[in-house]
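Undergrad: Fold the following and give me the result.
(chains A and B)
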Protein chains: 2
Amino acid sequence: MNEYEVIKKIFSPLSSNNLSLNLDDDAAVLPDKKKIVVGTDSIVEGDHFQKNEKNPSLIAKKLLRANLSDLASMCAEPFGYTLNLSLPNKLKEKKLNRWIKLFAKGLKEDQLKYKLALIGGDTVVTSGPLILSITLFGYKKKKLIKRSNAKLSDDIYVTGNIGDSGVGYKILLKKLSLNKKLNNFYIRKHKLPDPPVEFSKELGRYINSATDISDGLLADLNNIILSSNCGAEINIEKIPFSKQTKELLNLNKINTNYLITCGEDYQLIFTANKKNSKKIISLARKHLLKITKIGSILKKKKLIVLDQNNKELSFKSLGFKHF
Amino acid sequence: MNEYEVIKKIFSPLSSNNLSLNLDDDAAVLPDKKKIVVGTDSIVEGDHFQKNEKNPSLIAKKLLRANLSDLASMCAEPFGYTLNLSLPNKLKEKKLNRWIKLFAKGLKEDQLKYKLALIGGDTVVTSGPLILSITLFGYKKKKLIKRSNAKLSDDIYVTGNIGDSGVGYKILLKKLSLNKKLNNFYIRKHKLPDPPVEFSKELGRYINSATDISDGLLADLNNIILSSNCGAEINIEKIPFSKQTKELLNLNKINTNYLITCGEDYQLIFTANKKNSKKIISLARKHLLKITKIGSILKKKKLIVLDQNNKELSFKSLGFKHF
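TA: Just a heads-up that it's a prediction; the model follows:
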């Protein structure tokens, strides 16, 4: 397949005709009924996903979901995306065609799951590793949620569990090995994040600030307090871990420090006035989503992490640095 | 500089505060007064721009201008962009900082020239070559111009000159060498395209279809007729070349075939009803822009290229194939 055939056969069926103009033009048109929120993310083979990943569908889904996580943190409603593919020139045509088909299969499945359409893109070849970027568009809900709006005494919540993705990453790097079932559990958590997209669409009215946990719980909470000009106190005992991870902690196979700094959880961390607590918990229940209060916003501009004895812990690094 | 510093010091000053939320959040918000058009393009070191380019400002400008060319072909009015940088991990910090600063300088200059703002982005590192993607946003003008709307008997126009960029590319590849002044002239044409952005904002009302010449004059005209379900006849004698290129043709240093298939001209090719001819020519004059009628749209679904004796020429390849 040449580029024309790839677009016609593979990507056009993924596109929304009225927005993308069938991918037949140099640009696409966005809908104009509501204000639009836009986020963008890139992922690199061997860094954000495994080298020679056998299942390109998973790469497609991770790419989409990392971006969906960004829009979820602003409580927007995603509807479409543009895609930039940098494909390795060393891939032979047969292998490339197979890769593109499976990649598009993953896009299609997640488009259905999250109600998205492809609206444009560009493809280039590189002598380096595979690089993929998505620019994701969503409708702004009534209230735009930002990092910078945390208020004094706000409760701090996180969705889901923290650190499972990071444990999966360690297993992929062969820095940790568990039994087959556990290895698979964690690797899946790493490869297939599950950002709380539906929950977030309804969450905006109850909260003051939010971000998604991509760089690590501490780093992303730190982003909130830096932007909001305040501090936070969280209790390490309250941080939600899966039962599998609690077991690893008990066996000293992993430490808490790693779990709260490893990143790529793609869960939300958000702050809300205490008076909205019941409504938030009830919304989470409606979406069958685990949420946990882990601390509160302080005036003092500092990130305080307390251990089980209310003693302050110190950290060399708060989380993942990009470069 | 780490990523946080790069964003705060280098990219925040390029951003539009009200759209980008100071680049402080996970996503940006687009204005909602008009319908928005979106296009995206990626460029790769060693392919779309020279390996180890000494002036990263030029890379920034080529990236922006290739995208501006896409939006110009839809006669939209560009206002902002998101940026995805994949930076080589082999670059040492000092060199990287210098690169980013000069790159941002180029962005800033073209932001002023074209009235654009940075509204978001993402940065990753790669073991391969530098890859850059831009997603560019523009306001849709009253009439959306598409490739697929060429009408029977339409005049076919191109802006500027054809092939100068391709000659520059040959010189960079050391497949052609001229005197220093000419080498510089052509290399500049290749590195710094000059899409007719201002002209295109006013052109929409007079034309039926358009695209930009990125893959080559013949290939892009062929895209118009394929999408519009018609044919075209152009005369090779009418294709506009710079006086420098005419001289090269006379000296047999280059051939016409190459010039009309080499691509990356980032000029417009558009079709319009004959009755609008005067208005189009007068608009071009207002913008001090060269435009040339090179042929017309036919019913018969074929791309016919006539030589100086009205004999039909045949072509092995119409232009650049992406993969």
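Undergrad: Next, A:Val6: secondary structure please.
TA: Here A:Val6 is helix, with the state taken from DSSP: H, G, I helix; E, B strand; the rest coil.
Undergrad: what about the residue nearest to it when sequence neighbours are not counted, distance to chain B?
TA: Spatial nearest neighbour of A:Val6, chain neighbours left out: A:Ile100 (6.1 Å); criterion: C-beta to C-beta, 6 or more residues apart in numbering or on different chains. C-betas here are computed from N, CA, C, even on glycine. A:Ile100 sits 10 Å away from chain B, taking C-beta to the nearest C-beta, to the nearest Å as the criterion.
Undergrad: Would you mind listing what in the stretch 101-250 of chain A touches chain B?
TA: Contact residues (C-beta under 8 Å from any C-beta of the partner chain) of the stretch 101-250 of chain A with chain B: A:119-129, A:131, A:133, A:135-138, A:140, A:144, A:146-148, A:211-212, A:227.
Undergrad: Drop anything exposed from these.
TA: Buried members of these, scored by 16 or more other C-beta atoms under 10 Å in any protein chain shown, are A:119-126, A:128-129, A:131, A:133, A:135-138, A:140, A:144, A:146-148, A:211-212, A:227.
Undergrad: how about the helices in chain A?
TA: A:3-5, A:17-20, A:56-72, A:93-114, A:164-172, A:180-191, A:197-203, A:217-228, A:243-250, A:256-259, A:277-286 (DSSP state H).
Undergrad: Which strands or helices does the third one pack on?
TA: What it means is helix A:56-72. Packing partners of helix A:56-72 (3 or more C-beta pairs under 8 Å, 6 or more residues apart in numbering or on different chains; DSSP states H and E): strand A:36-44, strand A:77-88, helix A:93-114, strand A:131-139, helix A:197-203, strand A:209-212.
Undergrad: Convert the C-alpha atoms of stretch A:133-152 to CSV, please.
TA: What follows is stretch A:133-152, C-alpha atoms only, in CSV (Å, rounded to 0.1, in the frame of the first residue of the first chain):
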residue,chain,number,x,y,z
SER,A,133,1.5,12.0,18.2
ILE,A,134,-2.2,12.7,18.7
THR,A,135,-4.0,16.0,19.0
LEU,A,136,-7.3,15.4,20.7
PHE,A,137,-10.3,17.7,20.6
GLY,A,138,-13.1,17.8,23.1
TYR,A,139,-16.1,20.1,23.9
LYS,A,140,-15.6,22.3,26.9
LYS,A,141,-18.2,21.7,29.6
LYS,A,142,-19.8,24.6,31.4
LYS,A,143,-16.9,24.9,33.8
LEU,A,144,-13.3,24.6,32.6
ILE,A,145,-11.2,22.8,35.2
LYS,A,146,-7.6,23.9,35.5
ARG,A,147,-4.6,22.9,37.6
SER,A,148,-4.3,26.4,39.0
ASN,A,149,-7.6,26.7,40.9
ALA,A,150,-7.0,24.5,44.1
LYS,A,151,-8.6,26.3,47.1
LEU,A,152,-7.5,26.3,50.7
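Undergrad: How far does that stretch sit from its chain's centre?
TA: Put simply, stretch A:133-152 sits 14 Å off its chain's centre (C-alpha atoms, centre = their mean, to the nearest Å).
Undergrad: From A:Asn55, how far out is A:Thr40?
TA: Distance from A:Thr40 to A:Asn55, counting by C-beta to C-beta, to the nearest Å: 24 Å.
Undergrad: out of the two, which sits in the busier spot?
TA: Of the pair A:Thr40 and A:Asn55, A:Thr40 is the one with more neighbours under other C-beta atoms under 10 Å in any protein chain shown, namely 27 against 14.
Undergrad: roughly how far apart are that one and A:Asn84?
TA: Distance, A:Thr40 to A:Asn84, using C-beta to C-beta: 9 Å.
Undergrad: which neighbours do those two share?
TA: Jointly contacting A:Thr40 and A:Asn84 under the rule C-beta atoms under 8 Å, 6 or more residues apart in numbering or on different chains are A:133-135, B:84.
Undergrad: wait, A:Leu130 sits on A:Asp47?
TA: No. Contact criterion C-beta atoms under 8 Å: A:Leu130 and A:Asp47 do not qualify, at 10.3 Å.
Undergrad: which of those two has more neighbours?
TA: Comparing A:Leu130 with A:Asp47 by other C-beta under 10 Å, the one with more neighbours is A:Leu130, at 24 against 16.
Undergrad: For that one, which non-adjacent residue is spatially closest?
TA: Counting by C-beta to C-beta, 6+ apart, A:Leu130 lies nearest to A:Glu45, which is 4.0 Å off, once chain neighbours are set aside.
Undergrad: Please verify my assumption that the one you found contacts A:Lys51.
TA: Yes. Between A:Glu45 and A:Lys51 there is a contact under C-beta under 8 Å: 5.7 Å.
Undergrad: Give the residues shared as contacts by the two.
TA: With contacts defined as C-beta under 8 Å, 6+ apart, the residues shared by A:Glu45 and A:Lys51 are A:Pro129.
Undergrad: which one of those two has more residues nearby?
TA: A:Glu45 (21 against 10).
Undergrad: contacting residues around that one?
TA: Counting by C-beta under 8 Å, 6+ apart, A:Glu45 touches A:51, A:53, A:88, A:129-131.
Undergrad: which two from those end up farthest apart in space?
TA: Greatest spatial distance in the contacts of A:Glu45: A:Glu53 and A:Ile131, 13.5 Å, computed using C-beta to C-beta.
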